[in-house]
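**Q** with the input below, show me the fold.
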Amino acid sequence: LYITQSALSKRLKAIEKELNVVLFSRSHQGVHFTPAGEEVLKYCSNAAHELSKLRKSLDSMSDKVCGTLNAGISVNFSMYELPDILTEYHRQYPLVKLHITTGQSQELYKKMADGVIDISVLRGEYTWDGFNYLLSQENICLIFNKEFLGKPLKDFLYIGHRTDPVQAGLINRWLYENDIDIRNRSFNVNDISTCVEMVKRGLGWALIPEIALKGYNGVVKPCFFSDGEPFVRRTRILCQRYAQELPQIKAFIDILKRIKGQNI
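**A** Residues are numbered from 1 along each chain as shown. Just a heads-up that it's a prediction; the model follows:
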């Protein structure tokens, strides 16, 4: 909070005196809200949210692009695409404060639903009652080292990675349609980049989106389902309705579309 503990205590005591209530109960187990404190917290949280909306509204009236870019970016997009995009954005709009949250798309989607972030770049399929733009899509590819050419995939380890339930279901569909049972010949890692490194070292094969395959020199085969449909991974921009017209948000969307976007 950028204040000393003693100053904070004085402010809290002033609030208690003004409202004529006790906000906290203190014990050896720590400090806890009283029922009155919980009620005050609820109203203060609402007031803070309204104040934030007011500041954003005032930002939209400014002649210059300023304010705060409060964005959530999926971890894989952050790793492979975001540095170039943010560099260009900051070069063009140096007055904008950057508040970037990275993480799994599922977690960021919940933050969007809770109103914690204004705009997000998510990988996967998400419904959204507001701005929902398909930024790009890429193939999911089967990758393995060249020494495995001509050999059945069943003879080698499948290397999986953490993903959302929808994508996991599509992976299982592809495995089923190709009659591949991985139950006794597989292991999993947390992220795509680690998965690719495992494949590079000849530990097995994997199903990887194209975004992570720059610099990979092994065998890369785009995947298809049995009905001929390509196996793809989509990237979307989601934006809160109240933030859609903010200059700093519009500028970020424009740069995303220009650098990464394409007509789908």
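
**Q** and for Phe33, the neighbour number?
**A** As a burial measure, Phe33 scores 13 neighbours (other CB atoms under 10 Å). Where you see a C-beta, it was placed from the backbone N, CA and C, and this is true even at glycine.

**Q** Pro159: what secondary structure?
**A** Actually, residue 159 is Ile rather than Pro. At Ile159 the chain is in strand, as set by DSSP: H, G, I helix; E, B strand; the rest coil.

**Q** how about it, what does it touch?
**A** Ile159 makes contact with Ser186, Phe187, Asn188, Val189, Cys195, Met198, Val199, Leu203, Gly204, Trp205, Ala206, according to CB atoms under 8 Å, 6 or more residues apart in numbering.

**Q** pretty sure the last one sits in a strand.
**A** Going back to what we said before, that points to Ala206. Yes. The assignment for Ala206 is a strand, going by three-state DSSP.

**Q** how about the helices in this structure?
**A** Using DSSP state H, the helices of the chain run over residues 5-19, 35-60, 75-80, 82-92, 105-113, 165-177, 192-200, 247-259.

**Q** quick one: the residue lying closest to Asn178 once chain neighbours are set aside from Thr235, how far?
**A** Closest residue in space to Asn178, ignoring its immediate chain neighbours: Leu153 at 7.8 Å, by CB to CB, 6 or more residues apart in numbering. Going from Leu153 to Thr235 by CB to CB, to the nearest Å gives 27 Å.

**Q** more neighbours: these two, which one.
**A** Neighbours were counted for Leu153 and for Thr235 using other CB under 10 Å; Thr235 has more, 24 against 18.

**Q** what residues of the longest strand anywhere in the chain count as buried?
**A** Counting by DSSP state E, the longest strand found in the chain is strand 131-144. Neighbour-count burial for strand 131-144, counted by 16 or more other CB atoms under 10 Å, picks out Phe131, Tyr133, Leu135, Ser136, Gln137, Glu138, Asn139, Ile140, Cys141, Leu142, Ile143, Phe144.

**Q** what do you get for stretch 220-230?
**A** By 16+ other CB under 10 Å, the buried positions in stretch 220-230 come out as Cys223.

**Q** show the average pLDDT along it.
**A** For stretch 220-230, mean pLDDT is 96.

**Q** how much space separates the residue most central in space within the chain from Gln248?
**A** Compute the mean C-alpha point of the chain, and by CA atoms, centre = their mean the closest residue is Ser74, 2.7 Å away. The spacing between Ser74 and Gln248, counted by CB to CB, is 20 Å.

**Q** over to Asn188?
**A** Taking CB to CB, one finds Asn188 at 39 Å from Gln248.

**Q** what about the two, which has more around it?
**A** Using other CB under 10 Å, the more surrounded residue of Asn188 and Gln248 is Gln248, with 28 against 12.

**Q** pLDDT score for the more buried one?
**A** The model's pLDDT for Gln248 equals 93.

**Q** go ahead and confirm His32 touches Glu38.
**A** No. Using CB atoms under 8 Å as the test, His32 is too far from Glu38 to be in contact (9.5 Å).

**Q** partners of the longest strand of the chain in the sheet?
**A** strand 206-209 (antiparallel), strand 219-222 (antiparallel), strand 232-239 (antiparallel) (DSSP bridges).

**Q** go ahead and produce PDB holding the CA coordinates of it.
**A** Extracted C-alpha coordinates of strand 131-144, given in PDB (Å, rounded to 0.1, in the frame of the first residue of the first chain):
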ATOM      1  CA  PHE A 131     -15.900  -8.500 -28.000                       C
ATOM      2  CA  ASN A 132     -14.700 -11.900 -29.100                       C
ATOM      3  CA  TYR A 133     -12.300 -11.900 -32.100                       C
ATOM      4  CA  LEU A 134     -10.600 -14.800 -33.700                       C
ATOM      5  CA  LEU A 135      -7.000 -13.600 -34.000                       C
ATOM      6  CA  SER A 136      -5.400 -16.700 -35.600                       C
ATOM      7  CA  GLN A 137      -5.400 -20.400 -35.900                       C
ATOM      8  CA  GLU A 138      -2.600 -22.900 -36.300                       C
ATOM      9  CA  ASN A 139      -2.200 -26.600 -37.000                       C
ATOM     10  CA  ILE A 140      -1.600 -29.100 -34.300                       C
ATOM     11  CA  CYS A 141       1.400 -31.200 -35.600                       C
ATOM     12  CA  LEU A 142       2.800 -34.600 -35.000                       C
ATOM     13  CA  ILE A 143       6.500 -34.200 -34.300                       C
ATOM     14  CA  PHE A 144       9.300 -36.700 -33.800                       C
END
